[in-house]
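Enquirer: Pasted the sequence and its predicted model underneath.
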Amino acid sequence: MWSGILVAVLLLVALVAYTLYGHRRHLAISTGPKIDRASRSNTALLLIDLQDDFTSSTAKYTYPAEALNNGIKAINKLVETANANGSPVISIRQTFVGWYINFLVKLLNEGRGSLTSKGLDIDARIDGDIDHDIVKSRADAFHEAELDRVLDRHHIGKLIIVGLDGDFCVKATMQAALNRGYDVSFSDATTLAHNQQNWRETKSRLVALGAKDGIDQTSHTTSATTPQSEPA
């Protein structure tokens, strides 16, 4: 009997350890070569996780309706400006990879973001043209090599990062961008966060790292020499 209990305890400890490891791995911030910002004067708009699974009013963890609607309106203004100026608009969408994390997502969050979810598409309320669509499996979008390739192809040195959640995927992607030497901007109006107190603390840390709290609507333009955006 005692041997069975011991085995059960060891399996439970291993499961907890693996879960914690997976959580830390999901939130880990990537590093990469520093960009030459002098040769990359263009700006891109990154939309983080603005997909039906996370913006739906039926989501398990919903954002306040007013905050969500106002956020989408503010984001749409940035998309409109980027489209008009020829700046790439890049949608980053979350899809969890791996049987165990998909099991946890189904168990704890109704399968939102899982491989089989029907809510992986970008929210239909996002207006304008999306030039590139990149699917990520971890919080930091820079873990997907395609993002580096797209930004390099368009000579991007400045990033406007919007979306959700400010304390997780937005924060992780911003930190990774700062690690690489990008000029990074964000704003309250275009960032959704479940926990506003945590978000205030997150903002302070991001600003301390070099991010700019505030978005200049007129700043994100693309020169005529930049290659035209290619739909993903």
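Expert: Received, thanks.
Enquirer: Show me the beta-bridge partners of the residue most central in space within the chain.
Expert: Central residue of the chain (Cα atoms, centre = their mean): residue 48, 3.4 Å from the mean position. Judged by DSSP bridges, the bridge partners of residue 48 are residue 92, residue 163.
Enquirer: can I assume it is in contact with residue 92?
Expert: Yes - under the criterion of Cβ atoms under 8 Å, residue 48 is in contact with residue 92, at a separation of 5.1 Å. No exception for glycine: its C-beta is placed from N, CA and C like everyone else's.
Enquirer: Please identify every residue contacting each of these two.
Expert: Taking Cβ atoms under 8 Å, 6 or more residues apart in numbering as the contact rule, residue 48 and residue 92 both touch 141, 163, 169, 173.
Enquirer: out of those, who's nearest residue 70?
Expert: Closest to residue 70 out of these is residue 163 (13.9 Å), distances taken as Cβ to Cβ.
Enquirer: give me the number of residues near that closest one?
Expert: If you count neighbours by other Cβ atoms under 10 Å, residue 163 ends up with 27.
Enquirer: Do I have it right that residue 191 meets residue 162?
Expert: Yes - judged on Cβ under 8 Å, residue 191 makes contact with residue 162 at a distance of 6.3 Å.
Enquirer: Need the per-residue pLDDT for the residue found closest to residue 185 once you drop the neighbours it is linked to in the chain.
Expert: Spatial nearest neighbour of residue 185, excluding adjacent residues (Cβ to Cβ, 6 or more residues apart in numbering): residue 212 at 4.4 Å. Among the per-residue scores, residue 212 shows a pLDDT of 97.
Enquirer: Could you pull up the residues touching the spatially closest residue to residue 32 that is not a sequence neighbour?
Expert: Using Cβ to Cβ, 6+ apart and skipping residues adjacent in sequence, the residue nearest residue 32 is residue 180, 4.9 Å away. Listed by Cβ under 8 Å, 6+ apart, the contact partners of residue 180 are 31, 32, 33, 34, 35, 142.
Enquirer: Let me know the distance separating residue 180 from residue 140.
Expert: 11 Å (Cβ to Cβ, to the nearest Å).
Enquirer: Take the shared contacts of residue 48 and residue 92 and keep only those in helices.
Expert: Members of the shared contacts of residue 48 and residue 92 lying in helices (criterion: DSSP state H): 169, 173.
Enquirer: Dump stretch 191-210 to PDB, restricted to CA.
Expert: Provided in PDB are the C-alpha atoms of stretch 191-210 (Å, rounded to 0.1, in the frame of the first residue of the first chain):
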ATOM      1  CA  THR A 191      -4.200  47.800 -24.100                       C
ATOM      2  CA  LEU A 192      -6.600  45.600 -22.300                       C
ATOM      3  CA  ALA A 193      -5.800  44.100 -18.900                       C
ATOM      4  CA  HIS A 194      -7.900  42.100 -16.500                       C
ATOM      5  CA  ASN A 195      -6.100  43.400 -13.400                       C
ATOM      6  CA  GLN A 196      -5.700  47.200 -13.600                       C
ATOM      7  CA  GLN A 197      -3.500  47.400 -10.500                       C
ATOM      8  CA  ASN A 198      -1.100  44.900 -11.900                       C
ATOM      9  CA  TRP A 199      -1.200  46.700 -15.300                       C
ATOM     10  CA  ARG A 200      -0.200  50.000 -13.600                       C
ATOM     11  CA  GLU A 201       2.800  48.200 -12.100                       C
ATOM     12  CA  THR A 202       3.600  46.500 -15.500                       C
ATOM     13  CA  LYS A 203       3.500  49.800 -17.300                       C
ATOM     14  CA  SER A 204       6.000  51.300 -14.800                       C
ATOM     15  CA  ARG A 205       8.400  48.500 -15.400                       C
ATOM     16  CA  LEU A 206       8.100  48.700 -19.200                       C
ATOM     17  CA  VAL A 207       8.700  52.400 -19.200                       C
ATOM     18  CA  ALA A 208      11.800  51.800 -17.000                       C
ATOM     19  CA  LEU A 209      13.000  49.400 -19.700                       C
ATOM     20  CA  GLY A 210      12.600  52.000 -22.400                       C
END
